[in-house]
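Colleague: model the structure of this input:
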Amino acid sequence: MTYIRVDGKSYKFINGKNEASFLMKRNPRKLNWTMFYRRLRKKGTQEDQLKKAKKRTMASTVMSRGIAGLSVEDLKAKKGESGDKRKAQRDATLREVKEKKRKDQDEKKKSAPKAAPKAAAQTKGKAAGGPAMKPARSSAPGKTSAR
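Modeller: Down below sits the predicted model:
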């Protein structure tokens, strides 16, 4: 918005609020929302913001305490461990798990021959050589044949 006085001096305003205040001859030094007021009273300067930031910051203290059943000393010891030591521990636990699986499989193999004679007794009645087949249906289920 542009305002041109009788003497030819032109003024440009951002919005109607500024123009209305100018036409009412209000002093911008007394309107606390104007830049003039803020500069006059050193409001919003960068130094002012830095001072407030310094006031807000508090000195933080480092607390050290145990986590999930581990004491501070245990945590420090774990942190100080090298990657090689952790890798060795991981490999050792993997070996234990694999050995346990092997033992379980060996036990299954040992117990399997005991169960084999039962399976052989069941297959005696079936024809040797080839898969066991189901007997063919004579009629639909639930219906009696009319033969």
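Colleague: what's the helix or strand of the chain with the lowest mean pLDDT in contact with?
Modeller: Comparing every helix and strand of the chain by mean pLDDT, DSSP states H and E singles out helix 46-56 as the least confident one, with a mean of 75. By CB atoms under 8 Å, 6 or more residues apart in numbering, the list of residues contacting helix 46-56 from outside reads Lys42. From N, CA and C alone the C-beta is placed, and that goes for glycine too.
Colleague: tell me the buried residues in that helix?
Modeller: Counting neighbours by 16 or more other CB atoms under 10 Å, one finds that helix 46-56 has no buried residues.
Colleague: off-centre distance for that helix?
Modeller: Relative to the centre of its chain, helix 46-56 is centred 35 Å away, using CA atoms, centre = their mean, to the nearest Å.
Colleague: next structured bit after that helix?
Modeller: Next helix or strand after helix 46-56 toward the C-terminus (DSSP states H and E): helix 72-80.
Colleague: where does this structure dip in pLDDT?
Modeller: Applying pLDDT under 70 to the chain flags residues 57-58, 113-131, 137, 145-147.
Colleague: hang on, the earlier thing: using CSV, list the CA coordinates for the least confident helix or strand of the chain.
Modeller: As requested, the backbone C-alpha atoms of helix 46-56 are provided in CSV (Å, rounded to 0.1, in the frame of the first residue of the first chain):
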residue,chain,number,x,y,z
GLN,A,46,21.5,-11.8,19.0
GLU,A,47,23.5,-10.9,22.1
ASP,A,48,20.3,-10.9,24.2
GLN,A,49,19.4,-14.4,22.9
LEU,A,50,22.9,-15.7,23.7
LYS,A,51,22.5,-14.4,27.3
LYS,A,52,19.2,-16.1,27.7
ALA,A,53,20.6,-19.3,26.3
LYS,A,54,23.4,-19.2,28.8
LYS,A,55,21.0,-18.7,31.7
ARG,A,56,18.9,-21.7,30.5
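Colleague: at which residues are the helices of this protein located?
Modeller: Chain-ordered helices for the chain, with DSSP state H as the definition, fall at 16-23, 35-40, 46-56, 72-80, 83-123.
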